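> for reference, the sequence and a predicted model appear below.
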Amino acid sequence: MKFVYCTCSVSVSERIIAILEENGVNDYQMADNVIARSVVGNARFNTPIWPGYNVVITMQFSNDEKAGKIMDILKQFNSATAFNDDEMLTVCSWNMDDYFFN
């Protein structure tokens, strides 16, 4: 079981959600208006000096293979689709001990 954390500029969040849904990810949560400083790109503090903000998308997978596929797809977004460093995603995953929804 895997937990996947993705943070991205609000400017690409709709594209990321579309990618997830096209690939059968229907269990995710979003936190909007997240201020952030990432490894690449400009800071997004939603101020006149550092405009913009991030969206955090978290996902849970009971199938490690599906989680790996989504990680690969999101990595591909960075290398082939992001127009510049400001559109790059930051994504990480870790193992979960428990996952239940009923």
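Sure thing, it's come through.
> list the buried residues for whichever strand or helix holds residue 11?
Using DSSP states H and E, the element containing residue 11 is helix 10-22. Using 16 or more other Cβ atoms under 10 Å as the burial criterion, the residues of helix 10-22 that qualify are 12-13, 16, 19-20. Where C-beta positions appear, they are placed from N, C-alpha and C, glycine not excepted.
> tell me which two in these are the farthest apart.
12 and 20 (12.3 Å; Cβ to Cβ).
> for this protein, which segments count as strands?
Per DSSP state E, the chain carries strands over the ranges 2-9, 28-34, 54-61, 90-95.
> with mean pLDDT added, can I get these in JSON lines?
Listed next are the strands of the chain as JSON lines, based on pLDDT from 0 to 100:
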{"stretch": "strand 2-9", "mean pLDDT": "97"}
{"stretch": "strand 28-34", "mean pLDDT": "97"}
{"stretch": "strand 54-61", "mean pLDDT": "97"}
{"stretch": "strand 90-95", "mean pLDDT": "97"}
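> in this structure residue 60 contacts residue 26, no?
No. Using Cβ atoms under 8 Å, residue 60 and residue 26 do not qualify as a contacting pair, with a distance of 11.1 Å.
> who has more neighbours, these two?
For residue 60 and residue 26, the more surrounded residue by other Cβ atoms under 10 Å is residue 60, and the numbers stand at 17 against 8.
> about what we covered before: nearest to residue 41, out of the strands of the chain?
Proximity to residue 41, assessed across the strands of the chain by Cβ to Cβ, is greatest for strand 2-9 (7.6 Å).
> buried stuff in the closest one?
Neighbour count says strand 2-9 has 2, 4, 6-9 buried, by 16+ other Cβ under 10 Å.
> which regions of the chain sit below the pLDDT cut-off?
Counting by pLDDT under 70, not a single residue of the chain qualifies.
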